[in-house]
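[1] just to be clear, the model below is a prediction. Sequence and coordinates:
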Amino acid sequence: MKKNIIAIMLLLVITFGGLCLSGCTTTGSEEGELKIYTSFYPIYDLTKKVVGNSAEVINLVPVGEDAHHYELTPKQMVGLETADLIIINGLDMEHWADDLSANILSKILVASYNIAAIDIEIELGSTREDPHTWTSIKNAKIMMENIKNEVVSLNSDNAQVYENNYAKYAILFDGLDYQYEQAVTSFTSTTFIVSHKAFGYIARDYGLTQMAIGGLETDGEADPATVADIIDFINDNNITTVFYQESINSSIAVAIANETGASVDMLSTVQGLSKAQIDAGEDYLSIMAQNLVALIKALS
Ligand SMILES: [Zn+2]
């Protein structure tokens, strides 16, 4: 009988994780609450999906700013010193992470750490890993799991909350991924034209090809030879759509569309959602669902 009671107690501890048999330790801004900084919106959203309201999550790159070129403010640097955890994408999306104190570096989780990166040739004989890992739903789910494992290890009192939240969203991520897989089976074209080379992981996931006007970063002028090749490709292959993305100048995409008779449409990197979008309930999943609608329209 006594054995059974002990077994039940243990089960309760495992299931609810909140009995604090050896005394609870607390970290963060409020009792037991983790203070987490995230680098830019998709990382923020994946983190919020795991922790819900049981941690304080502060996003660093403001709405409308380009994550590729963001520099931290002095106030944000001070804030990072007080964090329990700092979650970044990695693969050099966060240039500001190159030069941090040892204290701050020790708190960083690179959310993309076990994702197989795509190597992209940036100039002859030189490659770079594509940093846009989160634009793949399969990758984003792995990143969410990495985040979940980290917060579980940092705050085991809330382990069950984090596990439940992760499990709930993992199903939704799998569902949307399945919709992509189904949709591409009826595509009549597999090449899509984008302004910024940010969709290589989507292309890899679903057997598509991205043809990009610009490079991996969002700066620099478009190469005239690349633009000429894209115009020829559009004309030769009856391509209907040139995609641009939020927070990036769309003038070259518009010019190419005008030149070829194609239309322009938005394909989002989910890099920055406006406050209005967030207030309206938009998130990583809803924007990626809108991307699927745009791809179906362009490629079916
Ligand atoms: Zn980018």
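    That came in fine, so what should we check first?

[2] can you give me the strands for the stretch 1-150 of the chain?
    Listed in chain order, the strands of the stretch 1-150 of the chain (DSSP state E, counting those that start in this stretch) span residues 34-38, 55-59, 85-88, 108-110, 119-123, 126-129.

[3] so which of these is nearest residue 230?
    Distances from residue 230 to each of the strands of the stretch 1-150 of the chain were compared by CB to CB, and the smallest falls on strand 119-123, at 17.0 Å. C-beta: built from backbone N, CA, C; applies to glycine.

[4] same question for that closest one: list its buried residues.
    Using 16 or more other CB atoms under 10 Å as the test for burial, strand 119-123 gives residue 120.

[5] cool, and stretch 245-261?
    For stretch 245-261, the neighbour count (16+ other CB under 10 Å) marks 245-248, 250, 252-253, 255-257, 260 as buried.

[6] equivalent analysis for stretch 285-300, please.
    Within stretch 285-300, the residues that qualify as buried by neighbour count (16+ other CB under 10 Å) are 285, 287-289, 291-292, 294-295, 298-299.

[7] those in strands, which ones?
    In strands, judged by DSSP state E, none of the buried residues of stretch 285-300 are found.

[8] care to break this structure down by domain?
    Taking automatic domain parsing as the criterion, the chain consists of the domains 25-177, 183-299.

[9] tell me where the model's unsure across the stretch 201-300 of the chain.
    Along the stretch 201-300 of the chain, the model assigns pLDDT under 70 to residues 219-220, 247.

[10] how about the strands in it?
    For the stretch 201-300 of the chain, the strands identified by DSSP E, counting those that start in this stretch occupy 209-212, 241-244, 263-266, in order along the chain.

[11] follow-up on the earlier one: for residue 174, which of the strands of the stretch 1-150 of the chain is the nearest?
    Proximity to residue 174 (CB to CB) singles out strand 85-88 among these, at 22.2 Å.

[12] quick one: stretch 241-257 to chain centroid distance?
    With CA atoms, centre = their mean, to the nearest Å as the basis, stretch 241-257 stands 21 Å off its chain's centre.

[13] an error on my part: the question was meant for stretch 68-84.
    19 Å.

[14] between the two ends of it, how far is it?
    Its start and end residues considered, stretch 68-84 measures 24 Å (CA to CA, to the nearest Å).

[15] what mean pLDDT does that stretch get?
    Averaged across stretch 68-84, the pLDDT comes to 95.

[16] now do stretch 147-166
    Along stretch 147-166, the predicted local confidence has a mean pLDDT of 97.

[17] buried sites along that stretch?
    Along stretch 147-166, the positions that meet the burial threshold by neighbour count (16+ other CB under 10 Å) are 147-148, 150-152, 154-155, 157-159, 161-162, 165-166.

[18] so which of the residues you listed is the closest to residue 239?
    Proximity to residue 239 was ranked across these by CB to CB; first place goes to residue 147, at 37.2 Å.

[19] hang on, isn't the closest one packed against residue 109?
    Yes - assessed by CB atoms under 8 Å, residue 147 is found in contact with residue 109 at 7.0 Å.

[20] spit out the residues that contact the two alike.
    Both residue 147 and residue 109 are contacted by residue 87, under the criterion CB atoms under 8 Å, 6 or more residues apart in numbering.

[21] re the thing from before, pick the most buried one from the strands of the stretch 201-300 of the chain.
    A comparison of the strands of the stretch 201-300 of the chain by mean neighbour count, using mean count of other CB atoms under 10 Å, puts strand 241-244 on top with a mean of 24.

[22] got the CA positions of it in PDB?
    Included here for strand 241-244 are C-alpha records, laid out as PDB according to Å, rounded to 0.1, in the frame of the first residue of the first chain:
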ATOM      1  CA  THR A 241       4.100  36.000 -60.400                       C
ATOM      2  CA  VAL A 242       7.100  37.900 -58.900                       C
ATOM      3  CA  PHE A 243       7.200  37.800 -55.200                       C
ATOM      4  CA  TYR A 244       8.300  40.600 -52.900                       C
END
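
[23] that strand packs against which elements?
    strand 191-194, helix 251-260, strand 263-266, helix 284-299 (3 or more CB pairs under 8 Å, 6 or more residues apart in numbering; DSSP states H and E).
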